[in-house]
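1. mind looking at a prediction? Sequence and model below.
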2 protein chains.
Amino acid sequence: MKLLAVGSMAYDAIETPFGKTDKILGGAASYIGLAASVMKVDVSLVTVVGEDFHREYLEMFERKNINIEGVEIVKGGKSFFWSGKYSLDLNTRDTLITEVNVLADFDPKIPPHGSESEVLLLGNLDPKVQLSVLHKMKKRPKLVILDTMNFWMNSTWDSLMKVIAETDVITINDEEARQLSREYSLIKAAKKIHAMGPKYVIIKKGEHGAILFYKDEIFALPALPLEEVFDPTGAGDAFAGGFAAYLTKTEDLSFENMKKAIVVGSAMASRTVEKFGTKSIENYTNEELKERIKQFQGLTAFESLTV
Amino acid sequence: MKLLAVGSMAYDAIETPFGKTDKILGGAASYIGLAASVMKVDVSLVTVVGEDFHREYLEMFERKNINIEGVEIVKGGKSFFWSGKYSLDLNTRDTLITEVNVLADFDPKIPPHGSESEVLLLGNLDPKVQLSVLHKMKKRPKLVILDTMNFWMNSTWDSLMKVIAETDVITINDEEARQLSREYSLIKAAKKIHAMGPKYVIIKKGEHGAILFYKDEIFALPALPLEEVFDPTGAGDAFAGGFAAYLTKTEDLSFENMKKAIVVGSAMASRTVEKFGTKSIENYTNEELKERIKQFQGLTAFESLTV
């Protein structure tokens, strides 16, 4: 199978208690592409950048066999720029600067190579753009995965509802699930979100792991406890990218396989936060990913018991 | 094996967003005894109550084969009374009233039946009392488990350090682990707590589950997502009680078996929060406990995978 992903490609400037960066590579599409490339999945990215976007970033994607035919470069345009500062415990962040730039008028173009992809990942982005990508596909993909965030709930509710209605899997964090459903209990929240469209609801809880809801079934995976968390930026994108890439690679869209895809997504996210920006996921080898997946198995397994 | 547990036995008056109670049965020892009785473990309680303490509570313990020889009844004394009000999301609570009463001068007496218990659970209580129980045992138990909370860190630091130093297993919540260790990362926190004495460190994270640290190994269990949480009171005590009782019953104090004991503790805690006070754990049958343990197995299991 093939994976097509849409999302931002951007410059980020990040400040955490451990340091700060100048403008570095950022954006949902970047993290998704890099996560998929660790598993050598056939992935195409759809996004837009300005003429100011570093050529070497695009070359890196090409070197990693990430298809970037769908990355539009706007002549004279400036790339999306986000700057943020994290709190001491890294659990909250303030946005310092958002320059939407070329993303404001983004009209996504589906590259020929990816136009018949079986798995479509609508990475975090304006829901109108997400919907337009879905409708431009040659045929409806076998699986449509949506990643979104509170910003879109606050600013583009109606468009968000439209794209959610056409989605098979949604990934959001626990606060966002509560905001979207107006339910505190995550079980009740998931039920309400199921009713909006997605058969599969994945709730990301950062350092507390992730939960997958499907019909009356629930799968929960703790996060890998980490000695150091350096920069949470992109963890959610890398999670979604790893999740989608594993399903694409294994060509199995069952609930049982989605559990494993959540392990892969978590193994991507836990690696991503260990360095600033895309640095650690850029250098993630397939062997290291395998090793981390083993750690998740060791972390969670217990023998059956009776009382 | 036998289990001996010390802790408060008290009246609680609880207010949650879902209702409020008059004075009902409360206290760490009550929850621990009830949890152990679900598994028919030989358990003795050490605590003190006033003459005002309802006779039917003591009769209930006896009916459930919970040994209460070690429950001192102070003539003319009043039982410990705690009243608290939970926030809307149940994640924080304010103490409205604390009347220490007979607990102020509590000099614990070890009942003959429990004096050679192999497992000792020092339930949440003044660390000076916890230490005195440990020192009054005929011989040092094979396993000493300590449950404590931030209140004792704030008010009796030195005594707490002394009892922690003689403990094999400590159970505390994530905030308390951070306070105790002055480390934000739970891995670093656990290392510092190991250095204080306990070989096993269990960090309870409420709705996010629990983590067990032992040497360089980590086991993490998510909590069972619940449709309704009614009253979190006693969940930590029931967790500790279920954990200790499972180890006592299986007579296996290995790390592998502790993983299973955490599943049992979590199955106790998840049941406890479904009704006010001790009500749901009082009526917990062994069959229902078995069923809930199966739910934990279904919740967390995934097949092995490669990428």
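-> That came through, no problem.

2. need the contact list for residue A:149.
-> Residue A:149 makes contact with A:124, A:172, A:173, A:176, A:236 under the criterion Cβ atoms under 8 Å, 6 or more residues apart in numbering or on different chains. (Glycine included, C-beta is placed from N, CA and C.)

3. now do the residue of the stretch 1-150 of chain A found nearest chain B against residue A:270, distance only.
-> Nearest residue of the stretch 1-150 of chain A to chain B: residue A:39, at 5.0 Å (Cβ to the nearest Cβ). Counting by Cβ to Cβ, to the nearest Å, the gap from residue A:39 to residue A:270 is 16 Å.

4. swap in residue A:57?
-> Residue A:57 sits 24 Å away from residue A:270, going by Cβ to Cβ.

5. re the thing from before, quick one, phi/psi of the residue of the stretch 1-150 of chain A closest to chain B?
-> Main-chain dihedrals, residue A:39, degrees, to the nearest 10: phi -100, psi 10.

6. that one is in contact with residue A:285, isn't it?
-> No - in this structure residue A:39 lies outside contact range of residue A:285 using Cβ atoms under 8 Å: 10.9 Å.

7. so those two - more neighbours on which side?
-> Neighbour count, other Cβ atoms under 10 Å in any protein chain shown: between residue A:39 and residue A:285, residue A:39 has more, with 21 against 9.

8. now do the same contact list for that one.
-> Applying Cβ under 8 Å, 6+ apart, the residues near residue A:39 are A:242, A:245, A:246, A:249, A:264, A:286, A:289, B:307.

9. next: residue A:218.
-> A:187, A:211, A:212, B:225, B:299.

10. for the residues you listed, please prepare TSV with the additional fields neighbour count and pLDDT.
-> Below are the contacts of residue A:218 laid out as TSV (neighbours: other Cβ atoms under 10 Å in any protein chain shown; pLDDT from 0 to 100):
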residue	neighbour count	pLDDT
A:187	16	97
A:211	24	98
A:212	22	98
B:225	20	96
B:299	18	98
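
11. confirm residue A:162 sits in a strand?
-> No - read with DSSP: H, G, I helix; E, B strand; the rest coil, residue A:162 is helix and lies in no strand.

12. ok, it to chain B distance?
-> In this view, residue A:162 and chain B are 28 Å apart by Cβ to the nearest Cβ, to the nearest Å.

13. what sits closest to that residue if chain neighbours are left out?
-> residue A:131 (5.8 Å; Cβ to Cβ, 6 or more residues apart in numbering or on different chains).

14. rounded mean pLDDT for the host helix or strand of that neighbour, please.
-> Secondary structure from DSSP states H and E places residue A:131 in helix A:127-136. On average, the pLDDT along helix A:127-136 is 97.

15. now stretch A:12-32
-> 95.

16. roughly how far is that stretch from the heart of the chain?
-> With Cα atoms, centre = their mean, to the nearest Å as the basis, stretch A:12-32 stands 15 Å off its chain's centre.

17. any buried residues in stretch A:184-202, and which?
-> Of all the residues in stretch A:184-202, those buried under the rule 16 or more other Cβ atoms under 10 Å in any protein chain shown are A:184-191, A:193-194, A:197-198, A:200-202.

18. now swap in stretch A:56-66 and tell me
-> Using 16+ other Cβ under 10 Å as the test for burial, stretch A:56-66 gives A:57, A:58, A:60, A:61, A:66.

19. among those, which ones lie close to chain B?
-> Subset of these in contact with chain B: empty, counting by Cβ under 8 Å from any Cβ of the partner chain.

20. which residue ranges form the helices in the stretch 51-200 of chain A?
-> A:55-63, A:127-136, A:150-155, A:157-165, A:174-181, A:186-196 (DSSP state H, counting those that start in this stretch).

21. quick one: the longest one to helix A:174-181, angle?
-> Angular relation of helix A:186-196 and helix A:174-181 on a 0 to 180 degree scale: 50 degrees, by axes from the mean of the first three to the mean of the last three Cα atoms, to 10 degrees.

22. can you list the residues of the stretch 151-300 of chain A near chain B?
-> Contact residues (Cβ under 8 Å from any Cβ) of the stretch 151-300 of chain A with chain B: A:184-188, A:205, A:208-209, A:211, A:217-223, A:225-229, A:246, A:249, A:256, A:259-260, A:262-264, A:286, A:289-290, A:293, A:297-300.

23. of the residues you listed, which belong to strands?
-> Members of these lying in strands (criterion: DSSP state E): A:211, A:217, A:218, A:219, A:220, A:221.

24. tell me the contacts of residue A:270?
-> A:223, A:224, A:226, A:292.

25. please report phi then psi for the nearest residue to the second one once chain neighbours are set aside.
-> Leaving out its chain neighbours, the residue that sits closest to residue A:224 by Cβ to Cβ, 6+ apart is residue A:270, at 4.5 Å. Dihedral angles phi and psi of residue A:270 (degrees, to the nearest 10) take the values phi -70, psi -30.

26. again with the one 4 residues further on
-> According to degrees, to the nearest 10, the main-chain angles of residue A:274 amount to phi -80, psi -10.

27. next one: it from residue B:137, what distance?
-> Residue A:274 is 46 Å from residue B:137, by Cβ to Cβ.

28. how distant is stretch A:287-304 from the center of its chain?
-> 22 Å.

29. and that stretch, what's buried?
-> Buried, per 16+ other Cβ under 10 Å, within stretch A:287-304: A:289, A:292, A:293, A:296, A:299, A:300, A:302.

30. pick the one among these closest to chain B.
-> residue A:302 (4.2 Å).

31. the residue nearest to the closest one when sequence neighbours are not counted: how many residues sit nearby?
-> Leaving aside its chain neighbours, residue A:302 sits nearest to residue B:259 (4.2 Å; criterion: Cβ to Cβ, 6+ apart). Residue B:259 has 20 neighbouring residues, counting by other Cβ under 10 Å.

32. ok, back up a step: quick check: the gap between the residue nearest to residue A:224 and chain B.
-> 12 Å.

33. again, but for residue A:183
-> 10 Å.

34. who touches that residue in this structure?
-> With Cβ under 8 Å, 6+ apart, residue A:183 has these contacts: A:189, A:191, A:192.

35. again, but for residue A:81
-> So residue A:81 contacts A:10, A:11, A:12, A:13, A:23, A:97, A:98, A:99, A:101 (Cβ under 8 Å, 6+ apart).

36. among those residues, name the buried ones.
-> Buried among the contacts of residue A:81 (16+ other Cβ under 10 Å): A:10, A:11, A:12, A:13, A:23, A:101.

37. part of a helix, is the third one?
-> Meaning residue A:12. No - looking at residue A:12 with three-state DSSP, it is strand, so not inside a helix.

38. burial count for residue A:161?
-> Residue A:161 has 14 neighbours, counted by other Cβ under 10 Å.
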